[in-house]
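K.L.:
build me a structure from this.
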Amino acid sequence: MLQAIVDIQREIYLAFAEHIKTFANGGGWTTFLAFLPMGVVFGAVHAMTPGHSKAVLATYLTGSSAGMTRGLTVSVALSVTHVTMAVLIALFSLPLVSVMLGSAGSAPLLENLSRGLLGVIGAWMLWSALFRPPHVHGGEEGIAVGFMAGLIPCPLTLFVMTFAITRGVPEAGIMFAVVMMTGVALTLSCVALATVFFRTQMERLLAKRQKLLIGVSKLVEAMAGAILLAVAIHEIMLA
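P.N.:
Below you'll find the predicted structure:
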């Protein structure tokens with residue numbers, strides 16, 4: 001299954017590279033724009049591969065009180081930040097490359113910042129579960145989590161942007177990034193909705209047992225916080 005996803009992704013990527021090359025050589029907008037919607041498929045398929053903070057997204061939403069709307073907000077914030085960071089790095093690569101990029105497709109400084117901030121969120125969720133009374137997490141917190149998790153730039157967006165810039169058509173790369181962002185958001189939104197759905201179903205099963213529901217909610221929040229904190233520490237130590 002994973003190999004099939006990788007193969008589809010490769011085919012679309014190579015086709016985009018050819019269209020960008022043709023556009024750069026004076027091929028005009030018509031053909032490029034006609035193929036551009038495939039970027040949505042590319043983004044959706046790409047987000048199915050390992051990474052893209054799907055586990056972080058699911059873990060946070062499992063331990064929070066977020067509903068469907070806020071779950072979608074978190075996934076969109078994550079997607080926008082994930083792709084936008086790659087676009088910004090590509091556009092301002094000359095002053096940033098020596099500071100942020102250790103190798104092609106990676107940004108160690110941003111990765112460590114993202115992990116550190118997620119560790120802070122994890123510690124806060126753990127403290128909240130242990131010492132605070134039952135409460136509803138605010139929408140601003142969800143957006144912050146999405147932003148922090150998305151700070152790690154999308155490698156493929158970075159490659160496509162660099163490819164387009166080196167051929168003198170950065171606008172083609174930016175347009176690709178926008179439609180790809182839509183595809184990534186679709187996949188991550190599905191993850192968010194599924195997580196919130198299953199969590200709310202469990203809450204409904206326990207609705208008549210308020211003390212048990214509160215206890216389970218606190219336990220899940222503590223576990224989610226502990227996982228985020230442990231992952232952040234582990235990744236930072238390996239960096």
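K.L.:
mind checking the longest helix of the chain?
P.N.:
Counting residues, the longest helix found in the chain (DSSP state H) is helix 170-205.
K.L.:
show me which positions of it end up buried.
P.N.:
Residues 170, 172-189, 191-192, 195-196, 199 are the ones in helix 170-205 that count as buried (16 or more other Cβ atoms under 10 Å). Bear in mind the C-beta positions are built from the backbone N, C-alpha and C, glycine included.
K.L.:
next: stretch 149-161.
P.N.:
Residues of stretch 149-161 classed as buried: 149-154, 156-161 (neighbour count, 16+ other Cβ under 10 Å).
K.L.:
how far away is Met202 from Ala192?
P.N.:
For Met202, the distance to Ala192 (Cβ to Cβ, to the nearest Å) stands at 16 Å.
K.L.:
can you check Ala58 too?
P.N.:
From Ala58 to Ala192 the distance is 8 Å (Cβ to Cβ).
K.L.:
same check, this time on Arg70
P.N.:
From Arg70 to Ala192 the distance is 9 Å (Cβ to Cβ).
K.L.:
by mean pLDDT, flag the weakest helix or strand of the protein.
P.N.:
helix 93-100 (a mean of 48; mean pLDDT, DSSP states H and E).
K.L.:
need phi/psi at Val151.
P.N.:
For residue 151 the amino acid is Leu, not Val. phi -60, psi -30 (degrees, to the nearest 10).
K.L.:
and if you look at Pro153?
P.N.:
Per degrees, to the nearest 10, the backbone of Pro153 is at phi -70, psi 150.
K.L.:
again with Cys154
P.N.:
phi -80, psi 120.
K.L.:
cool, thanks, talk later.
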